[in-house]
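Novice: coords below, sequence missing:
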């Protein structure tokens, strides 16, 4: 696809150094591929919610185990 864009020269030079790309087409393709491959905010939030729900029962079990230890009569120093 051909298109016309206006880019800041200093950003292009920094991006070329970071990416190792020599030409602008390679740079833009690399940047777009990286950006598209990143998980979006919705998928991250969805995964976090799933993992939180999955760990809920384990967290409660651990809390009960520690509550038993808290009641073992340790000395109050």
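Specialist: In hand now; what should we look at? From a predicted model like this one, the values you see are computed outputs, not experimental measurements.

Novice: Give the residue spans of this protein that score low on pLDDT.
Specialist: For the chain, applying pLDDT under 70 flags no range at all.

Novice: mind giving me the domain split of it?
Specialist: Using automatic domain parsing, the domain parsing of the chain gives 1-38, 39-71.

Novice: Tabulate the ones you listed (TSV), appending mean neighbour count.
Specialist: In short, each C-beta sits where N, CA and C put it, glycine included. Formatted as TSV, those follow (neighbours: other C-beta atoms under 10 Å):
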stretch	mean neighbour count
domain 1-38	10
domain 39-71	10
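
Novice: Put together CSV for those, with distance to residue 77 on each row.
Specialist: Output for those, formatted as CSV (distance: least, C-beta to C-beta, whole Å):
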stretch, distance to residue 77
domain 1-38, 50
domain 39-71, 15
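
Novice: Tell me who's in contact with residue 27.
Specialist: Residues near residue 27 by C-beta atoms under 8 Å, 6 or more residues apart in numbering: 12, 15-16, 19, 21.

Novice: how near is it to residue 18?
Specialist: Separation of residue 27 from residue 18 (C-beta to C-beta, to the nearest Å): 9 Å.
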